[in-house]
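1. here is a sequence with its predicted model. Questions after.
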Amino acid sequence: MPHGMAPLAWITESPRVWVLMGHKAGDNSQVLSLAEALGWPFEIKRFVYNRFEPLAHALFGATLKGVDASRSSPLGAPWPDLVLTAGRRNEPVARWIKQQARPHAVRIVHVGRPWSNLDQFDLVVTTPQYRLPERSNVVHNKTPLHRVTAERLSADAALWAPRLRALPQPMIAVVIGGPSGPYSFDREAGRRLAVQASALARSCGGSLLVTTSARTPTAAIDAFVGAVDVPHYLFRWTKDAKENPYFAFLGLAHSIIVTGDSMSMLTEACATRKPVYIFDLGEGRNAMRPDAPAQPFRWGPIEATHIKAFLYRQLLRFGPVRLGRDIRIIHHDLIEAKRAVWLGEQFPEGPLPPLECLDHAVAGVRALFQLPPLTVPAPLTEWRELLPARRTA
């Protein structure tokens, strides 16, 4: 019997699913998107980790020694049939659940790059920047998983449209991430983003819908605000915010600018099948794009984000391949597929292709239970019919 499979006769109802939430928004979005797409009831488990978590992971493997149990979700019978997880910190927890549940069979599906041996997982759903090997239990997707649906865009857009009706059309969403690996997001990058986004909005007589994220440095967004010179609405992300217009902005926008650091946000933007522009956080030899023009050296204050980026570049250069990731691979794939262009370039004419990453992941999970793939859902092509009518000016 293939690894991780159970006879179909064992399954008399929907599998019991636990979704392990982590500390990164992108990871959480991916496991939630997979849970929602599967269509089975699921329970969310949240964890608080102690300072010994990295050591506990390295020494004990399947363990809860890195978890603050008093502040985390309870774990116990009835055990799940399926655990969806992402991120290094949740790996020992997922493996502990599988170990404790024996002889009950628990299947672990890890999204992204696992740090444990691939044999510890029934299925790994990964993307090119992690450069994992070809294996029978690895699904290689072109992009991360996403939670974009026509219904979600429509519902959120309807809530926010009345508040934004004073802004001139067309509206351009600006989705801002933060420093990532070898790429810093400093004050100068924030200023450049404002200048380039303003130019795009000015060229069509439109406005900007701007949202930050948990990783956006305050200095960078302050520089952005100081340089933007077209009508705009700015939402500054905070963990205590009662509402978040992220999906509303994706739904209301005619086109979308995304900082090139976040593969999840880039994927969600492309899933709308609208024109997507990638903003390059760097310049010259520190640029994301391979053909970026050379830039003269510019003296300026050294920010913490510069130091972290420098250290990560050395890791990519001298460290083992599995310790780094190369997000330029996904940039290349999105541009090659004509789903996105670099900000400042002309977006190509013609229909935009759908993303199929979620269909592949769902099929892989269902195969663990000897279930056939679901019928492929209709592509997201009719989103405009679901949105409130736009003002013409």
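-> Nice, I can see it.

2. give me the most central residue, this structure.
-> Geometric centre of the chain, nearest residue: residue 264, 2.0 Å, by C-alpha atoms, centre = their mean.

3. isn't that one up against residue 26?
-> Yes: using C-beta atoms under 8 Å, residue 264 is in contact with residue 26, at 3.8 Å. The C-beta positions use only the backbone N, C-alpha and C, and glycine is treated the same way.

4. need the overlap of contacts for the two.
-> residue 144 (C-beta atoms under 8 Å, 6 or more residues apart in numbering).

5. near residue 369, how many residues? Count them for me, please.
-> 19 (other C-beta atoms under 10 Å).

6. and what of residue 202?
-> Neighbours of residue 202 (other C-beta under 10 Å): 13.

7. that one contacts residue 230, correct?
-> Yes: contact criterion C-beta under 8 Å: residue 202 and residue 230 qualify, at 5.6 Å.

8. specify the local secondary structure of the residue nearest to the centre of the chain.
-> helix (DSSP: H, G, I helix; E, B strand; the rest coil).

9. the strands in the chain, which residues?
-> 17-20, 42-45, 82-86, 107-111, 123-126, 138-140, 171-175, 207-211, 232-235, 255-259, 276-279, 341-342 (DSSP state E).

10. would you mind finding the most buried of those strands?
-> strand 82-86 (a mean of 28; mean count of other C-beta atoms under 10 Å).

11. check what pLDDT the spatially closest residue to residue 157 that is not a sequence neighbour gets.
-> Computed as C-beta to C-beta, 6 or more residues apart in numbering, the closest residue to residue 157 that is not its neighbour in sequence is residue 251, at 3.4 Å. As predicted, residue 251 sits at a pLDDT of 97.

12. cool, residue 390 as well?
-> Reported pLDDT for residue 390: 34.

13. low-confidence regions, this structure specifically.
-> Where the chain drops to pLDDT under 70, the residues are 1-12, 181, 292-325, 375-393.

14. for it, what's the longest helix?
-> Assignment by DSSP state H gives helix 187-203 as the longest helix of the chain.

15. please list the residues outside that helix that contact it.
-> 172, 174, 176, 207-208, 210, 217, 219-232, 255, 257, 259, 277, 279, 281-283, 298, 300, 303, 343-344.

16. distance between it and the chain's centre?
-> In terms of C-alpha atoms, centre = their mean, to the nearest Å, the centre of helix 187-203 is found 23 Å from the chain centre.

17. can you list the domain ranges for this protein.
-> Structural domains annotated on the chain: 8-146+357-368, 150-342, as defined by automatic domain parsing.

18. how about those domains in TSV, adding distance to residue 350?
-> TSV is the format used below for these (distance: least, C-beta to C-beta, whole Å):
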stretch	distance to residue 350
domain 8-146+357-368	19
domain 150-342	7
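
19. who wins for proximity to residue 349 among those?
-> Minimum separation from residue 349 across the domains of the chain (C-beta to C-beta) falls at domain 150-342, 9.5 Å.

20. list the residues that contact residue 275.
-> Residue 275 neighbours (C-beta under 8 Å, 6+ apart): 254-256, 341, 347, 352.

21. of those residues, which is the nearest to residue 96?
-> Out of those, the member with the shortest distance to residue 96 (by C-beta to C-beta) is residue 256, at 40.0 Å.

22. pairing partners for the closest one in the sheet, please.
-> Residue 256 has these beta-bridge partners by DSSP bridges: residue 173, residue 276.

23. was I right about it contacting residue 272?
-> Yes: contact status for residue 256 versus residue 272: in contact at 6.9 Å, counting by C-beta under 8 Å.

24. shared neighbours of these two, which are they?
-> residue 250.

25. now residue 174: how far from residue 211?
-> Distance, residue 174 to residue 211, by C-beta to C-beta, to the nearest Å: 7 Å.

26. overlap in contacts of those two?
-> By C-beta under 8 Å, 6+ apart, no residue touches both residue 174 and residue 211.

27. ok, residue 327 - contacts?
-> Counting by C-beta under 8 Å, 6+ apart, residue 327 has contacts 129, 180-181, 260-261, 263, 288.

28. let's see 7 Å
-> Going by C-beta atoms under 7 Å, 6 or more residues apart in numbering, residue 327 touches 129, 263.

29. kindly report the same for the one 4 residues further on.
-> Under the criterion of C-beta under 7 Å, 6+ apart, the contact partners of residue 331 comprise 260, 278, 288.

30. let me know the closest of those residues to residue 374.
-> With C-beta to C-beta as the yardstick, the closest approach to residue 374 among these comes from residue 278, at 31.1 Å.

31. spatially nearest residue to the closest one, not counting backbone neighbours?
-> Closest to residue 278 by C-beta to C-beta, 6+ apart is residue 260, at 4.7 Å.

32. what do you get for residue 280?
-> residue 288 (4.8 Å).

33. residue 290 now?
-> That would be residue 328: by C-beta to C-beta, 6+ apart, it lies 7.1 Å from residue 290.

34. okay, now that neighbour: neighbour count?
-> 17.

35. cool, residue 216 as well?
-> Considering only other C-beta under 10 Å, residue 216 is surrounded by 21 other residues.

36. quick one: contacts for it?
-> With C-beta under 7 Å, 6+ apart, residue 216 has these contacts: 176-178, 237.

37. tell me the most packed of those, by neighbour count.
-> Going by other C-beta under 10 Å, residue 176 tops the contacts of residue 216 with 30 neighbours.

38. was I right about it contacting residue 215?
-> No: the pair residue 176 and residue 215 fails to qualify as a contact (C-beta atoms under 7 Å) at a distance of 9.0 Å.

39. ok, residue 213 touching residue 177?
-> Yes: between residue 213 and residue 177 a contact is recorded at 5.4 Å, counting by C-beta under 7 Å.
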